[in-house]
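*Asks:* Output the structure for:
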Amino acid sequence: MVPSPTQTPLQSPLALLLHASASSGPSPGPGTSSTTAEETSPPPPTESSPWPPNGSWPVGRGRSLGSGEGVSPWDIALCAAGSVVACQNALLLAVLCCTRSLRAPTFLLIGSLALADFLAGAGLVANFVVRSVMDPVSDAAVLGLAGVLLTAFSASACSLLAITVDRYLSLYSALTYQAERTLPFTCGFLAALWLTCLGLGSLPPLGWHCLDDPDTCSVLKPLTKDQAAGLSVSYLFLFSFILHLYLQICRVAFRHAQQIASIFCLVAGTRKGVSTLSLILATFAFCWVPLAIYALVADPSYPQVYTYYLALPAACHSAVNPVVYGFRNPEIQRSLSVFLFPTCLPQFQMGILPPQHLWSAVSAPASMRAPGWEKS
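*Replies:* Numbers count the residues shown, from 1 in each chain. Below is the predicted model:
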């Protein structure tokens, strides 16, 4: 190398050595230029890297299909919500199945709702387990879980509609509906409802999905944009119909209360019922309407955290259903007490002591109890 006119033969190699050591240092110093800092920064993660490209730290090694991201804290929150949902509805199903007195059509509708919510909670837990264990997640697992969740949430929404229709007809046609609402009719209706929801949930595993064409995916992957739009419109229509029925229930209840307005407690009870119905509708709207609207108008390029943020309340709604429609029922409350504490009430046996006499028998003085209560 020929030194420049301004450098001596000894200065040129020394300057080159100092320049090379400065450019290959472990970290850029305060005087290092931005170009040197960029050259020494680690390369960005590749497509096969286990770390997400946005720099967030994943939990576990599982990755969602095609996203390259690990299991996020939102997945853990959905798993926790699914565990609570599954436990609550499993308890309600156990009480309904073990109590022979809870065989009326109304309790069958509540059981259908509890079964759907139980499947939804179990599906959320299974989704977390699969994404945490499998690396990468297989297409079959993604489509199978999507089918289970689609079936469960569809059956839950349809069961809510069936319960609302049952309450409306019980009040609007009180004289004729009780005779027409037979157990075989209710069982047939629920069978048709579940077959329809199973057919809807089988669409993703049978090939109606967007995994082969990612451009058609919606924010509810692996559902396509058309499928997500159809579900969103269906949920919004269902909520509107439920709202209409509850408004009719309130109108009929107030009309009956005005006809016998001399009974003040009835009017107060009617107002309390209207407040309860308003709370039910507000909860349903808060949990489901934002997600339905977002799935209808959102683009798949939006951050996935928005979908998680709106899906979590929808999952938590399945934890509210058993409390509102199940555990608030007096007969279910009595059966639940016997189911959880059988040793405290050994005298209560299904079919021997009617549920409506349980608490009166327990709280009555010893002189007023039926003979043989202490011995049984």
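*Asks:* Show me what the strand or helix carrying residue 290 is packed against.
*Replies:* If you go by DSSP states H and E, residue 290 is part of helix 264-297. With contacts defined as 3 or more Cβ pairs under 8 Å, 6 or more residues apart in numbering; DSSP states H and E, helix 264-297 has these neighbours: helix 225-259, helix 304-321. In this view, the C-beta of every residue, glycine as well, is placed from N, C-alpha and C.
*Asks:* Give me whichever of those helices is most buried.
*Replies:* Across the helices and strands packed on helix 264-297, averaging neighbours per residue (mean count of other Cβ atoms under 10 Å) puts helix 304-321 on top, at a mean of 19.
*Asks:* For that helix, name the packing helices and strands.
*Replies:* So helix 304-321, by 3+ Cβ pairs under 8 Å, 6+ apart, packs with helix 73-98, helix 105-133, helix 139-172, helix 264-297.
*Asks:* Show the average pLDDT along the shortest one.
*Replies:* Here the mean pLDDT over helix 73-98 is 94, rounded to a whole number.
*Asks:* now swap in the second one and tell me
*Replies:* Averaged over helix 105-133, pLDDT sits at 93.
*Asks:* related to what we said a few turns ago, just so I know, which of the helices and strands packed on helix 304-321 lies nearest residue 336?
*Replies:* helix 73-98 (5.2 Å; Cβ to Cβ).
*Asks:* Show me which residues of the closest one are buried.
*Replies:* Of all the residues in helix 73-98, those buried under the rule 16 or more other Cβ atoms under 10 Å are 75, 77-79, 81-83, 85-86, 88-93, 95-96.
*Asks:* Below-threshold pLDDT in this structure: ranges please.
*Replies:* 1-71, 257-273, 343-376 (pLDDT under 70).
*Asks:* Ends of stretch 166-181, what's the gap?
*Replies:* 9 Å (Cα to Cα, to the nearest Å).
*Asks:* Show me what counts as buried in it.
*Replies:* 166-169, 181.
*Asks:* if I look at residue 290, how far off is residue 232?
*Replies:* Counting by Cβ to Cβ, to the nearest Å, the gap from residue 290 to residue 232 is 11 Å.
*Asks:* repeat for residue 278
*Replies:* 24 Å.
*Asks:* One more: residue 156?
*Replies:* Distance from residue 156 to residue 232, by Cβ to Cβ: 16 Å.
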